[in-house]
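**Student:** Sequence below, structure please.
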Amino acid sequence: MNRRHVLNFTTMTLLPYTILSCVPFVCASLPSLNDTSTHALDASSDNCPSCNTRTLWEILLSCGLTLFACTWTAAHPNIPGMNESKVAITSRRLFVMVVALIAPELMITWATRQFFSSRSAAQAFDDEFRAQLEQRAKTHNDDGDTSDTATLVSDISEASGSSSTLKNAEFEGWTITHGFFAWMGGFMLYVDGKPRATLDPNELLRFVREGSVDMPVITEAEIEDRSKGDGLSKGIAILQLAWFVTQLVARYIQNLPITLLEIDTLAVAALTCISYGLWWKKPKNVGCPYIVHLKATATSPGQLTYDHADFRPSYSGHSSYSRRIRSHLTYPFLSLMGVVAIISPSAARSRRVPSLGGYDQAWGGNHASKILLLIGCFTGMVFGGIHCLGWDYSFHRHAEHILWRATSLVVLCAPIVISLDTLSYMRDWKNFQIFVFPPGFIASFMYIAARVTLIVLVVLSLLRSLPTGVYDTVAWTRFIPHL
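**Tutor:** Numbering: from 1, shown residues only. Next up is the predicted model:
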């Protein structure tokens, strides 16, 4: 992909967030959302005949279902390994769901890197397919045989034994869906009729160019048929999110306060929807890969990408045990940020792509890293900006009120420091340190601490009596279909 397309994508992604990040400050300058002394409404108030009441359970249920609908539906796990149990597969998907709840901005960087890696792989395979197609056409023309495209495609994949005339006629090359399918572990290499390893797109393309395997001829419709995603689940998730946002807007118009849990749910759902958009063309819950047979005349391949684990679980001694703990704690963050897709021992044993992998680490070089850094930091700023909607929330203690404002500002501003410090490191600018630590490291620590503090404040707000007016609701929002 050229730089112009990357910049256009970045602009279209960041522009809505630029507008959204300004909303909290505009709202803060208006009359308070939680000015319950003048705007508190009773269920029987004559000033708001369209209002009704809700319970704490209904608040918890609406936020929980919204979070579940967004994170569970948005998660597009990689293809499971061979002979893995349903428990292992479900637990990995739950793990991805929890990561989406804790770090939705990192899910966006992960989805972005997968999107561009898949698009690049699709372009490379499509170019190779076109080159082989032209070569076959030239050979047939030299022999005086004029063949159609379906015949040429069949000629390319004749050794696989799985092609049909109808499929060959429908196959028009690789799309981004093929790229997603390849990076999520969609192609399994078989040697002498036995599974050898899952191939990443770079290895598969190399084997195709060397003539070790045939070009996989699988249509986009066949890949979508393997996918378990459907319009019903997507529609339910979109409908639930639309209802949630609508009732929040209705509460704002009626000057009704909103809870901190609803603010946090809105922030997580907003970022998760971006990940969902990036994964829109990615197959979902594919159960088994497409088999690629190594030709009998080809040399047996050596070590492949997913053959070995990057770290081993067996360590001895206290220092080795602490090193193992650090590896497991840093693994999700390093993988989601695109630094390295760490292959766990379980992934290597089951011949599958890592749970948080499925992208090209070498894609785009430093330029791509800067784009991903910019997107990740900006989405983190948006996350903090949405939490600023609780700027005037009626806390029980003034200290908690100040703490919420301070942590929201830290989440809003820390990504700026992180991005500037990382860019200075990439460009070899003269950087400075604070108490021997770079500013980006300190800002990252403050960002994590602020995120944890926000979660604690949300939980504490639910354990105490909520402000007056929280249980009032706008009656007409109940007629919108939702979970």
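
**Student:** contacting residues around stretch 294-303?
**Tutor:** Under the criterion C-beta atoms under 8 Å, 6 or more residues apart in numbering, residues 159, 189-192, 196, 203, 207, 210-214 lie in contact with stretch 294-303. The way it works is simple: take the backbone N, C-alpha and C, and place the C-beta from them, glycine included.

**Student:** Could you do stretch 64-74 as well?
**Tutor:** Under C-beta under 8 Å, 6+ apart, the answer for stretch 64-74 is 93, 97, 100-101, 107, 233-234, 236-237, 240-241, 244, 265, 268-269, 272-273, 275-276, 279, 482-483.

**Student:** Restrict those residues to the buried ones and give me that as a PyMOL selection.
**Tutor:** PyMOL command restricting the contacts of stretch 64-74 to the buried ones, with burial defined by 16 or more other C-beta atoms under 10 Å:
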select buried, resi 93+97+100+101+107+234+236+237+240+241+244+265+268+269+272+273+275+276+279+482
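
**Student:** Mind checking which of the contacts of stretch 64-74 are in helices?
**Tutor:** The helices, defined by DSSP state H, take in 93, 97, 100-101, 107, 233-234, 236-237, 240-241, 244, 265, 268-269, 272-273, 275-276 from the contacts of stretch 64-74.

**Student:** Are any of the contacts of stretch 294-303 buried, and if so which?
**Tutor:** Among the contacts of stretch 294-303, those classed as buried by 16+ other C-beta under 10 Å are 189, 196, 203, 207, 212-214.

**Student:** For the residues you listed, name the two members farthest from one another.
**Tutor:** Within the buried ones among the contacts of stretch 294-303, two members stand farthest from each other by C-beta to C-beta: 196 and 214, at 15.7 Å.

**Student:** Cross-check the contact I'm expecting between residue 188 and residue 291.
**Tutor:** Yes - using C-beta atoms under 8 Å, residue 188 makes contact with residue 291 at a distance of 5.7 Å.

**Student:** Pick out whichever of these two has more residues nearby.
**Tutor:** residue 188 (20 against 14; other C-beta atoms under 10 Å).

**Student:** Is the more buried one in a helix, a strand, or coil?
**Tutor:** Under DSSP: H, G, I helix; E, B strand; the rest coil, the three-state class of residue 188 is strand.

**Student:** what sits against the spatially closest residue to it that is not a sequence neighbour?
**Tutor:** Leaving aside its chain neighbours, residue 188 sits nearest to residue 289 (4.1 Å; criterion: C-beta to C-beta, 6 or more residues apart in numbering). Counting by C-beta under 8 Å, 6+ apart, residue 289 touches 79, 185-188, 198.

**Student:** Tell me how far residue 289 lies from residue 275.
**Tutor:** 24 Å (C-beta to C-beta, to the nearest Å).

**Student:** Count the residues that sit near residue 455.
**Tutor:** Neighbours of residue 455 using other C-beta under 10 Å come to 15.

**Student:** should've said residue 183
**Tutor:** 27.

**Student:** Tell me the pLDDT of it.
**Tutor:** pLDDT recorded at residue 183 is 93.

**Student:** That one contacts residue 118, correct?
**Tutor:** Yes - applying C-beta under 8 Å, one finds residue 183 in contact with residue 118, separated by 5.5 Å.

**Student:** Closest one of the contacts of residue 289 to residue 335?
**Tutor:** residue 185 (14.8 Å).

**Student:** Tell me the secondary structure at the closest one.
**Tutor:** coil.

**Student:** OK, contacts around it?
**Tutor:** 78-79, 198, 289, 306, 352-353, 358.

**Student:** which of these sit farthest apart?
**Tutor:** Every pair of these checked by C-beta to C-beta; the farthest is 289 and 358, at 12.8 Å.

**Student:** Quickly note the distance from the residue nearest to residue 188 to residue 352.
**Tutor:** 9 Å.

**Student:** One more: residue 206?
**Tutor:** 20 Å.

**Student:** now do residue 380
**Tutor:** Going from residue 380 to residue 352 by C-beta to C-beta gives 30 Å.

**Student:** next one: residue 358
**Tutor:** 10 Å.

**Student:** shared neighbours of those two, which are they?
**Tutor:** With C-beta under 8 Å, 6+ apart, residue 358 and residue 352 have common neighbours 78, 185.

**Student:** rewinding a little: closest to residue 389 out of the buried ones among the contacts of stretch 294-303?
**Tutor:** Distances from residue 389 to these, taken by C-beta to C-beta, are shortest for residue 203, at 47.5 Å.

**Student:** what's that closest one in contact with, if anything?
**Tutor:** By C-beta under 8 Å, 6+ apart, the contact list for residue 203 reads 301, 304-305.

**Student:** Neighbour-wise, which one of these leads?
**Tutor:** Most crowded among these, counting by other C-beta under 10 Å, is residue 301 at 19 neighbours.

**Student:** Just want the phi and psi numbers for that one.
**Tutor:** Reported as degrees, to the nearest 10, the phi and psi values for residue 301 are phi -70, psi 150.

**Student:** and what of residue 173?
**Tutor:** The phi/psi pair for residue 173 (degrees, to the nearest 10) is phi 120, psi -180.

**Student:** cool, and residue 472?
**Tutor:** phi -80, psi 150.

**Student:** That one reaches residue 59, doesn't it?
**Tutor:** No - using C-beta under 8 Å, residue 472 is not in contact with residue 59, being 11.8 Å away.

**Student:** Give me the number of neighbouring residues for residue 259.
**Tutor:** Neighbours of residue 259 (other C-beta under 10 Å): 21.

**Student:** That one: what's it in contact with?
**Tutor:** 59, 461-462, 466, 470.

**Student:** do the same with residue 412
**Tutor:** Residue 412 touches 21, 381, 384-385, 387-388, counting by C-beta under 8 Å, 6+ apart.

**Student:** dump the residue contacts of the nearest residue to residue 175 once chain neighbours are set aside.
**Tutor:** Among residues not flanking residue 175 along the chain, residue 220 sits closest, at 5.3 Å (C-beta to C-beta, 6+ apart). Contact analysis of residue 220 by C-beta under 8 Å, 6+ apart lists 175, 177-178.

**Student:** and what of residue 337?
**Tutor:** By C-beta under 8 Å, 6+ apart, the neighbours of residue 337 are 106, 109-110, 372, 376.

**Student:** If we use 6 Å, what do you get?
**Tutor:** By C-beta atoms under 6 Å, 6 or more residues apart in numbering, the contact list for residue 337 reads residue 109.

**Student:** which residues of the stretch 101-250 of the chain fall in strands?
**Tutor:** 187-191, 194-198 (DSSP state E, counting those that start in this stretch).

**Student:** where does residue 393 land in three-state SS?
**Tutor:** Going by three-state DSSP: residue 393 is coil.

**Student:** quick one, phi psi at it?
**Tutor:** Dihedral angles (degrees, to the nearest 10) for residue 393: phi -60, psi 150.

**Student:** what stretches of the stretch 101-250 of the chain score poorly on pLDDT?
**Tutor:** Filtered on pLDDT under 70, the stretch 101-250 of the chain yields the residue ranges 136-137, 139-171, 229-232.
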